[in-house]
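Trainee: fold the following for me, if possible:
(chains A, B and C)
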Amino acid sequence: MTDHALQELLDKQAITERLFDYARGVDRIDSELIRSVFHPDAQLDYGAMFAGTREEFAEFIGLVHPEMEAHSHHLSNISVTIDGERAGSETYVLAWLRARGGDAVNDTVTSGRYVDEWRRTRGEWRIVHRTYLHDTDSTRSAGTSGFPTTGSRDTSDPSYAALGLRFSEGA
Amino acid sequence: MTDHALQELLDKQAITERLFDYARGVDRIDSELIRSVFHPDAQLDYGAMFAGTREEFAEFIGLVHPEMEAHSHHLSNISVTIDGERAGSETYVLAWLRARGGDAVNDTVTSGRYVDEWRRTRGEWRIVHRTYLHDTDSTRSAGTSGFPTTGSRDTSDPSYAALGLRFSEGA
Amino acid sequence: MTDHALQELLDKQAITERLFDYARGVDRIDSELIRSVFHPDAQLDYGAMFAGTREEFAEFIGLVHPEMEAHSHHLSNISVTIDGERAGSETYVLAWLRARGGDAVNDTVTSGRYVDEWRRTRGEWRIVHRTYLHDTDSTRSAGTSGFPTTGSRDTSDPSYAALGLRFSEGA
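Mentor: Numbering: from 1, shown residues only, chains lettered A, B, ... in the order given. Below you'll find the predicted structure:
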């Protein structure tokens, strides 16, 4: 009973981490990381925005996101049901996307939910089917900004060193 | 010691899931799910917004939320203290509510915190007292929207199938 | 193996709770709580906003935040890698800061990431190095507000009683 309860906690934690990897993959424009979250045969259905395979999705992000000035996908409310080697989850997402067009800078804020079907194969949880449900979005001219964007949208971003435990002083 | 530490993790996870059920209950306008999070005798104090029982609160949500076009309650920063059969928690909430009045579409964004007192009865954690503390809110005309709302605010929403592990292909 | 997996879950939970303590410390302007999250020798680098020690940071928050009308730091996407007595983490933050200047009320919304290096000393995880990476920010005139701020920015805030399990009815 205790072992079963611990295993379920571990599975929920593993799925939660995969979802954060997804957001990291999108925000850092890391195609490999995006693909790693999905099963090779996964179907991704983002409604009016996108539908296709993980390869097509990673390519789509690689085309669309570099055009933006900044983007961040804040995930919350991660509900997970585990049943042996499969699982279902719902995840809330609040995304902030900043785009420049000529002199205009626009902020798009979107709210929605990822509804995912998961399979564990060879010990690894991956999404086999994703449905993105859209709550609402709003685009308007950006307000005044006080600080420059730091970090980067590639694997030189400091988060990779920290999560890989490569600290500068060899700590 | 290890068993005690595992039990505390399980209790924190259970309370976290109940909080997500609350948000799901409100966002899907699921009265039964809302009520299930609270003890039958629970007192809910939302300050200037609402005060009453769980039945009154579920009724209040059932009246107010269908009038809106969309709403999502993003929960974060869930701090929990467990002591045997009782617990205390603080949860941050960022809610986005879209309302239409005639031709005008307005977005209200609110930030606040739920401070909850919990009791475990017959193995189930439920809130016995809730205080909602309001940080701030802002209502303004909505920006341009690019995508329609998908999913639904009832139990036909795809999240119910996923969390109930009822996948379309019988996966 | 099971013990190792449980220990890793406990470490991730402990680090997550320390991060929530950080947000609580800043939002409640609790210098002691802020300092408790960092090692005495910790280096904090918030880019163009701040650089210094934990004492200097707590002092900085104690000067800047009381000037604001409200502020909340919503944390999400907490990714943690554990390796014995050290760890690395990335945490997304969405902060809403409201300031009044004469008759003008302005809302600043910021999105960024904390990249932290952790050490466990005497059983306690503390940050030894923090880098804040800024995604973007936007300041604009606040919309209409419907509700007053409740709770307080000191230890009389109800969250302290709840997390300290000091409930009014001695429940």
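Trainee: residue contacts, the residue positioned nearest the centre of chain A?
Mentor: Nearest residue to the geometric centre of chain A (C-alpha atoms, centre = their mean): A:Ala23, 2.1 Å. Counting by C-beta atoms under 8 Å, 6 or more residues apart in numbering or on different chains, A:Ala23 touches A:His73, A:His74, A:Leu75, A:Val93, C:Asn77, C:Tyr92. The C-beta positions use only the backbone N, C-alpha and C, and glycine is treated the same way.
Trainee: kindly recompute the last result at 10 Å.
Mentor: A:33-34, A:37, A:72-75, A:91, A:93, A:95, A:114, C:76-77, C:79, C:92 (C-beta atoms under 10 Å, 6 or more residues apart in numbering or on different chains).
Trainee: so which of those also contact chain B?
Mentor: A:His74, A:Leu75, A:Thr91, A:Val93, A:Tyr114, C:Ser76, C:Asn77, C:Tyr92 (C-beta under 10 Å from any C-beta of the partner chain).
Trainee: tell me the one of the residues you listed nearest chain B?
Mentor: Of all the ones next to chain B among the contacts of A:Ala23, chain B sits closest to C:Ser76, with 5.1 Å by C-beta to the nearest C-beta.
Trainee: cross the ones next to chain B among the contacts of A:Ala23 against strands and list the overlap.
Mentor: Among those, DSSP state E puts A:His74, A:Leu75, A:Thr91, A:Val93, A:Tyr114, C:Ser76, C:Asn77, C:Tyr92 in strands.
Trainee: which one's the longest helix in chain A?
Mentor: Of all the segments of type helix in chain A, defined by DSSP state H, the longest one is helix A:2-27.
Trainee: what about chain A, any weak spots by pLDDT?
Mentor: Counting by pLDDT under 70, chain A contains low-confidence residues at A:1, A:169-171.
Trainee: could you redo the last one with a cut-off of 50?
Mentor: A:170-171 (pLDDT under 50).
Trainee: and A:Ser141, how far is that from chain C?
Mentor: For A:Ser141, the distance to chain C (C-beta to the nearest C-beta, to the nearest Å) stands at 9 Å.
Trainee: can you list phi and psi of that residue for me?
Mentor: phi -60, psi 140 (degrees, to the nearest 10).
Trainee: relative to chain B, how far out is A:Leu9?
Mentor: From A:Leu9 over to chain B (counting by C-beta to the nearest C-beta), the distance is 6 Å.
Trainee: give me the number of residues near that residue?
Mentor: 20 (other C-beta atoms under 10 Å in any protein chain shown).
Trainee: what do you get for A:Ser145?
Mentor: 19.
Trainee: which parts of stretch A:13-33 are buried?
Mentor: A:13-31, A:33 (16 or more other C-beta atoms under 10 Å in any protein chain shown).
Trainee: how about stretch A:55-74?
Mentor: Residues A:57-58, A:60-61, A:64-65, A:68-74 are the ones in stretch A:55-74 that count as buried (16+ other C-beta under 10 Å).
Trainee: and that stretch, does that touch chain C?
Mentor: Yes. Applying C-beta under 10 Å from any C-beta, one finds stretch A:55-74 touching chain C at A:Met68, A:Glu69, A:Ala70, A:His71, A:Ser72, A:His73, A:His74.
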